[in-house]
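> Got a sequence here, can you build the structure:
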Amino acid sequence: MTQKIDILDKGFVKLIDFMGSDLRAVSSARVSFGGESKGEDKDKQLIKYLLEHSHHTPFEHCCFQFHICCPIYIARQWMRHRWASYNEISARYTEVKDEFYMPAEFRGQDTHNKQGSVASSDLDNKKLREIYEKSVEASYAAYKKLLEYGVAREMARGILPVCQYTQFYWSVNARSLLNFLSLRQDAHAQKEIRDYADAIAQIFAEKMPWTWEAFNKLNKKLPLGSE
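Residues are numbered from 1 along each chain as shown. I've put the predicted structure just below:
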């Protein structure tokens with residue numbers, strides 16, 4: 001079952017477990033009136049109908065479990081999606097590893113979108129990378145020094161930057177996952193989390209191809225919070 005896709009410089013998405021299928025969603029919908037599968041064509045039509053008319057509860061019977069490794073600031077965006085279960089590694093219990101996200105290229109501030117960024121040829125990436133790396137190295141060296149002096153892990157971690165990699169398990173049903181993908185694959189989402197969303201979309205498409213096809217035909221613009 002384990003399926004792993006590497007993301008960024010040190011991150012990954014790993015499918016740990018999956019329960020369900022397109023047919024599970026179909027059966028969950030048809031049980032409402034005592035029905036079963038009516039063949040591939042009609043089952044596909046039903047999935048399209050369910051998504052089109054915001055009947056999303058049948059998709060809650062299909063569940064994915066992922067192991068995620070990403071920078072902390074991406075994890076904090078991720079955990080805004082609350083229709084899921086999370087268990088994250090604790091820097092109170094374990095010593096933080098020397099694993100930090102080092103961007104291959106820096107982006108400039110988007111002047112039209114306060115929370116966005118844009119590619120910029122004006123940035124001196126070599127110089128900026130040097131500044132970035134020195135800051136990360138200094139913070140990690142200070143963290144290690146605090147531990148050597150006997151400071152508790154739960155306090156020493158406060159000096160570390162949010163580009164530190166964290167890991168968590170994420171259990172999520174297909175309905176909630178489609179909501180995540182509709183938002184995090186959008187052009188307005190931060191590029192780094194879009195990279196993770198694209199990898200997850202690839203896994204979703206392999207596990208539930210009929211649902212993914214119907215979802216894409218609706219341009220990922222469904223109000224998945226309804227019903």
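> out of everything not next to it in sequence, what's closest to Glu52?
Using CB to CB, 6 or more residues apart in numbering and skipping the chain neighbours, the partner closest in space to Glu52 is Leu218 (6.5 Å). C-betas here are computed from N, CA, C, even on glycine.
> That neighbour contacts Leu51, doesn't it?
Yes: counting by CB atoms under 8 Å, Leu51 is a contact partner of Leu218 at 5.9 Å.
> and the two? which has more neighbours close in?
Leu51 (22 against 12; other CB atoms under 10 Å).
> Show me what the helix or strand that the more buried one is a member of is in contact with.
Per DSSP states H and E: Leu51 is located in helix 40-52. Contact with helix 40-52 is made by 22-23, 25-26, 29-30, 37-38, 55-56, 58-59, 210-211, 213-215, 217-218, 222, as judged by CB atoms under 8 Å, 6 or more residues apart in numbering.
> returning to that earlier point: got a pLDDT number for the residue nearest to Glu52?
For Leu218, the pLDDT comes out at 88.
> before we move on, what about Ser226?
For Ser226, the pLDDT comes out at 43.
> Leaving out the residues flanking it, which one is nearest to Ser176?
Trp83 is the one closest to Ser176 (CB to CB, 6+ apart), at 3.7 Å.
> Check which residues of the helix holding Leu51 are buried.
Asp43, Lys44, Leu46, Ile47, Lys48, Leu50, Leu51 (16 or more other CB atoms under 10 Å).
> Need the max-distance pair from those.
Comparing every pair within the buried residues of helix 40-52 by CB to CB identifies Asp43 and Leu51 as the most remote, at 13.2 Å.
> Can you show me the strands along this structure?
Ranges of strands in the chain, per DSSP state E, are 3-7, 11-19, 63-71, 85-88, 108-109, 117-118, 165-173.
> for those, which one sits closest to Ala189?
strand 117-118 (11.0 Å).
> Strand partners (parallel or antiparallel) of the closest one?
strand 108-109 (antiparallel) (DSSP bridges).
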